[in-house]
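K.L.:
what would the 3D arrangement of this be:
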Amino acid sequence: MLSRHMLFVTALCASLSPMALARAEPAAPVPPKAVPKSEAPKEISRETPKAEAPRLDPLAASAPATPAVQAIVPAGTPTAETLAKDAAPKKSRELPPLVVARVSADPMPTLSPATFLDTLKMADRYQAMADAGGWASLPPGLVVKPGARDPAIPALRKHLALVGDLPADAPASDLLDAALAAAVKSFQARHGLPETGLIGRQTVAALNVPAATRQRQLAASAARQIGSTFAFGDRYVVVNIPSATVEAVERGTVVRRYVAVVGKPDKATPRIEARITDVNLNPTWTLPVSIIKKEIIPKMRKDPGYLARERIRILGPGGVVVDPTTIDWASEKAANYTLRQDSGLDNSLGQVRIDMPNKQAVYMHDTPSKSLFAREVRFHSHGCVRVAQVKELAGWLLEGTPGPNGGASTWGPMEIESHIATNERLDIKLPKQIPVTFVYLTGYATPDGRAHFRDDIYGIDSPIAPMPEVATTGSITPRPTLKPAPARVMPTRAAPPRATGLVPPGLIPNVAASAR
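P.N.:
Predicted structure coming up:
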């Protein structure tokens, strides 16, 4: 019976060699080679010994495949080449670890219902310091490490005692001791600097700002809050533009503070008061007309494949997709169309957008370019606010919102990530809208009696520049634009007549307000 089977196989597979047929015949068992008892056991090699080829049962094994047999192998069977290709390491889509600049852990919010009056009182205090002569400047190139001595240290001690970072009764010395290093860290924290305790270039530059300038920062920041009707509530969000930070405030305490990237000086982030209504997962991005004209059209003239590479579609009336080759890129006709970037990891808004309807059409969002979050100076956007760890902020905003599986579920980190992995857009509406404000406070005071300062990156604290009007939603009453604050601001809420003149770049008053 065995011989008939083998003959039948031979007739079908004429290309099989006699050696292959012979290999299919049963072989006589080979007795194992006896090891002499006198032979000592050898050390086991770290290399795996080459195994002897197994002997095949002719009924269970087939003859080796020749080209003629390979031709009838099913197409779905993986070949050696396919298996090797699958075994090759694939490019990971996993994002690199996020590196962010260090921000203050102070639980005091930048903006609270008491900020206006506290800042006015602090402006008066700094005015008194300025009237008394302020403080002495330190050498610009001064560098002093903790534990070192320097002739400039006594002047530093007087300055820090005057502004409240060092106890007034601290002993005089030219040594940067532990107590003085702690006072330096306190000063650095109040000015948004790395809290190192080391006297270096940035710290010296902040120490050398005159008392009169600090007073003007406080007075101008207080004046920008006159007429605000921001609804604080138990939970609210504050973006302080000069700090480039985002604060999630709950019951008067900062529960989360995030590093942010805000607008460039020529594309400044506007001041707004609005309400957060939705969290968008896997958002699309509709390009503003200004970006189409200033950036997209010039790029398409040089690189016709730019839109396809960036997954940006051109949409005509009714949402019909338009072929980019039919557009005259030598003109500005492309601005008449809607340009929309598809959802995805490389979308300019990243994977999360926080929606807050307002007249300036700005919002907070994620970004695929996260390297800027590690910088100390973060003024690089077109006006919207990019937020590091925005998914965590989204989770805080979505607390109390029914999750993807109904009322019994929640939107935790796993649920947010799971939906983002689907690459499908989802707009999650908050059951209770959360107030949000973008403020421009270069000087402000907190209820603990401390003054905080940030650089006037947009240059609007100057008494010769009028202050732009705050942009508000329809639910919040707009306030009139104010004249520049005088050197000393009195605690009054009366709004003076509207100022005229040039507005710093990017800070354009509302069109509706200008028409009044």
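
K.L.:
quick check: Val262 is in a helix.
P.N.:
No - using DSSP: H, G, I helix; E, B strand; the rest coil, the assignment for Val262 is strand, not a helix.

K.L.:
tell me where the model's unsure across the chain.
P.N.:
Scanning the chain for pLDDT under 70 picks out 1-96, 463-516.

K.L.:
report the central residue of it.
P.N.:
The residue lying closest to the centre of the chain (Cα atoms, centre = their mean) is Ala388, at 2.7 Å.

K.L.:
that one and Thr245 touch, don't they?
P.N.:
No - contact criterion Cβ atoms under 8 Å: Ala388 and Thr245 do not qualify, at 9.8 Å. Glycine gets a C-beta too; all of them are placed from N, C-alpha and C.

K.L.:
what touches both of those two?
P.N.:
258-260 (Cβ atoms under 8 Å, 6 or more residues apart in numbering).

K.L.:
give me the neighbour count for Val249.
P.N.:
The number of residues packed near Val249 is 25, by other Cβ atoms under 10 Å.

K.L.:
and what of Arg125?
P.N.:
Neighbours around Arg125, by other Cβ under 10 Å: 18.

K.L.:
please apply the same query to Val289.
P.N.:
So Val289, with other Cβ under 10 Å, has 14 neighbours.

K.L.:
tell me the buried residues in stretch 208-219?
P.N.:
Residues 208-209, 211, 213-219 are the ones in stretch 208-219 that count as buried (16 or more other Cβ atoms under 10 Å).

K.L.:
repeat that for stretch 368-386.
P.N.:
Within stretch 368-386, the residues scored as buried using 16+ other Cβ under 10 Å are 370, 372-373, 378-379, 381-386.

K.L.:
next: stretch 320-329.
P.N.:
For stretch 320-329, the neighbour count (16+ other Cβ under 10 Å) marks 322, 324, 327, 329 as buried.

K.L.:
check the gap between Val385 and Val163 for me.
P.N.:
30 Å (Cβ to Cβ, to the nearest Å).

K.L.:
what's the answer for His452, then?
P.N.:
Using Cβ to Cβ, His452 is found at 11 Å from Val163.

K.L.:
same question for Ala123.
P.N.:
The gap separating Ala123 from Val163 is 14 Å, by Cβ to Cβ.

K.L.:
who has more neighbours out of those two?
P.N.:
For Ala123 and Val163, the more surrounded residue by other Cβ under 10 Å is Ala123, and the numbers stand at 27 against 20.

K.L.:
quick check: longest helix of the chain.
P.N.:
helix 115-131 (DSSP state H).

K.L.:
now the angle from whichever helix or strand comes after that one to helix 115-131?
P.N.:
Where DSSP states H and E defines the elements, the next helix or strand beyond helix 115-131 is helix 153-162. Angle, helix 153-162 to helix 115-131, by axes from the mean of the first three to the mean of the last three Cα atoms, to 10 degrees: 140 degrees.

K.L.:
how far is the helix or strand following helix 153-162 from where the chain is centred?
P.N.:
The C-terminal neighbour of helix 153-162 among helices and strands, as given by DSSP H and E, is helix 178-190. How far helix 178-190 lies from its chain's middle: 29 Å, per Cα atoms, centre = their mean, to the nearest Å.

K.L.:
ok, and the closest non-adjacent residue to Arg235?
P.N.:
In this structure, Arg235 finds its nearest non-sequential neighbour in Glu250, 5.1 Å apart by Cβ to Cβ, 6 or more residues apart in numbering.

K.L.:
what's the helix or strand for Val249?
P.N.:
With DSSP H and E as criterion, Val249 is part of strand 245-250.

K.L.:
follow-up on the earlier one: mind putting the buried residues of stretch 320-329 into JSON lines with secondary structure and distance to Asn280?
P.N.:
Formatted as JSON lines, these follow (DSSP: H, G, I helix; E, B strand; the rest coil; distance: Cβ to Cβ, whole Å):
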{"residue": "Val322", "secondary structure": "strand", "distance to Asn280": "25"}
{"residue": "Pro324", "secondary structure": "helix", "distance to Asn280": "26"}
{"residue": "Ile327", "secondary structure": "coil", "distance to Asn280": "28"}
{"residue": "Trp329", "secondary structure": "coil", "distance to Asn280": "30"}
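
K.L.:
nearest to Leu98, of those?
P.N.:
Each of the buried residues of stretch 320-329 was scored against Leu98 by Cβ to Cβ, and Pro324 proved nearest at 34.2 Å.

K.L.:
burial measure for the closest residue in space to that closest one that isn't next to it in sequence, as a count.
P.N.:
Closest residue to Pro324 apart from its sequence neighbours, by Cβ to Cβ, 6+ apart: Leu307 at 5.4 Å. A count of nearby residues for Leu307, using other Cβ under 10 Å, gives 19.

K.L.:
again with Val103
P.N.:
Counted with other Cβ under 10 Å, Val103 comes out at 18.

K.L.:
coming back round to it: for the strand holding Val249, packing partners?
P.N.:
strand 235-240, strand 253-263, helix 390-397 (3 or more Cβ pairs under 8 Å, 6 or more residues apart in numbering; DSSP states H and E).

K.L.:
re earlier: need the max-distance pair from the buried residues of stretch 368-386.
P.N.:
Every pair of the buried residues of stretch 368-386 checked by Cβ to Cβ; the farthest is Lys370 and Gly383, at 18.8 Å.

K.L.:
so which elements touch the longest strand anywhere in the chain?
P.N.:
Longest strand in the chain, counting residues (DSSP state E): strand 426-439. On a contact count with 3+ Cβ pairs under 8 Å, 6+ apart, strand 426-439 meets strand 235-240, strand 272-281.

K.L.:
ok, then the element right after the longest one?
P.N.:
Spelled out, it's strand 272-281. Moving toward the C-terminus from strand 272-281, the first helix or strand encountered (DSSP H and E) is strand 285-286.

K.L.:
re the thing from before, quick one: contacts for the residue nearest to the centre of the chain?
P.N.:
Applying Cβ under 8 Å, 6+ apart, we find Ala388 in contact with 98, 100, 258-260, 370, 373.

K.L.:
from Ala132, how far off is the residue nearest to Ile420 when sequence neighbours are not counted?
P.N.:
What sits nearest to Ile420 in space, not counting adjacent residues and going by Cβ to Cβ, 6+ apart, is Gln351, at 5.0 Å. To Ala132, Gln351 is 54 Å away according to Cβ to Cβ.
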